[in-house]
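**Q** Got a predicted model here, sequence first, then my questions.
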Amino acid sequence: MSAERELDAAGITAPALRDAYRRCRELNALHGRTYYLATRLLSAEQRPAVHALYGFARWVDDVVDDVHSGPDEKAQALGAIEVRLRDAFEGRAGDDPVLSALIDTVHRYDIPVQHFHDFMASMRMDLTVTDYPTFGDLERYVHGSAAVIGLQVLPVLGTSTSREEAEPAAAALGVAFQLTNFIRDVGEDLDRNRVYLPADELAEFGVDRERLLHARASGKADRQVRAALRDQVRRARRIYEQAWPGIGMLAPRSRPCVLTAYRLYGRILDLVEDADCDVLSRRVVVSHGRRLAVALPALARAVFARAA
């Protein structure tokens, strides 16, 4: 379905606002392959809002991960975004397309603004924090970087229960996705001088940053590193289990989308285990064929749910 039909379905008519949502859609299609595929399973009127939420998160992520900027420059850039975000929430969105679409989505779906402040707080942590001593420390980071993403999207998806009842599972699913990324991308994160795995838990297997760096440099994870990563996979799977009941709490038309994302991200953990957790030298990727094999049956269910 074209962007124009989605915008029509969502009732977005102002030309400048339509342009803003189109820009967010382009960002999603360009950077979020699995995420974008899952959004195709949403109803047309839901998609622009999800694209807007993704567009804002992508904008901030790109600032944090910019390899050409130093910490001071990144801090200034994040500070500027926070000022513009605060102004936008107070009715002064300016002409930035991503912020314009975001604020419109926040108002349409009554999304608490605190979720965005929590997100920005975690993004600021990325400028100075490079290790997490315990999972409790990591939890504080993933609340803002992942849990609140689930909480932001939940009002757009809709629920068959109260929103409050569905929120814990939505937050858990965001965390499960984030932990999956941390496991898959441990090598790339090392290249950015970050380790998003709890140091005390790694130490139980005789693993520290130096051992991870050696595995990254040599191109092969040793027995201890693989055992430590298997332990992290087990935690991620437990959190997926906590999130599972939340899919049934969603509005029926939204379930196929979230179920597809759930299965595709879970498949990443399968691939990590298939590689015996030797992921320091390569990035496991769900194949295009596999993505289609999961998405096509879900598309049929989504169409049925909309018709019902």
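**A** Everything's here; your move. Because the structure is a prediction, the values reported are computed rather than measured.

**Q** Which other helices and strands does the helix or strand hosting Ala80 contact?
**A** Using DSSP states H and E, Ala80 maps to helix 71-89. Applying 3 or more C-beta pairs under 8 Å, 6 or more residues apart in numbering; DSSP states H and E, one finds that helix 71-89 contacts helix 47-64, helix 97-109, helix 114-125. Every C-beta, even on glycine, is put in place using the N, C-alpha and C of the backbone.

**Q** Can I get it in CSV? Just the C-alpha atoms.
**A** The C-alpha coordinates for helix 71-89 follow below in CSV (Å, rounded to 0.1, in the frame of the first residue of the first chain):
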residue,chain,number,x,y,z
PRO,A,71,31.3,12.9,22.8
ASP,A,72,31.0,16.7,23.3
GLU,A,73,29.5,17.2,19.8
LYS,A,74,27.1,14.4,20.4
ALA,A,75,26.1,15.8,23.8
GLN,A,76,25.4,19.2,22.2
ALA,A,77,23.4,17.5,19.4
LEU,A,78,21.3,15.6,22.0
GLY,A,79,20.8,18.7,24.0
ALA,A,80,19.6,20.5,21.0
ILE,A,81,17.1,17.7,20.2
GLU,A,82,15.8,17.8,23.8
VAL,A,83,15.2,21.6,23.6
ARG,A,84,13.4,21.1,20.3
LEU,A,85,11.4,18.2,21.8
ARG,A,86,10.4,20.2,24.8
ASP,A,87,9.4,23.1,22.6
ALA,A,88,7.4,20.7,20.4
PHE,A,89,5.5,19.3,23.4
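
**Q** Give me the distance between it and the centre of its chain.
**A** Offset of helix 71-89 from its chain centre (C-alpha atoms, centre = their mean, to the nearest Å): 21 Å.

**Q** Pull out the buried positions in that helix.
**A** Using 16 or more other C-beta atoms under 10 Å as the test for burial, helix 71-89 gives 74, 77-78, 81-82, 84-85, 88-89.

**Q** What number of residues are in the vicinity of the residue nearest to Gly150 when sequence neighbours are not counted?
**A** Spatial nearest neighbour of Gly150, excluding adjacent residues (C-beta to C-beta, 6 or more residues apart in numbering): Gly174 at 3.3 Å. Gly174 has 24 neighbours, counted by other C-beta atoms under 10 Å.

**Q** ok, now Gly206?
**A** A count of neighbours around Gly206, defined by other C-beta under 10 Å, yields 13.
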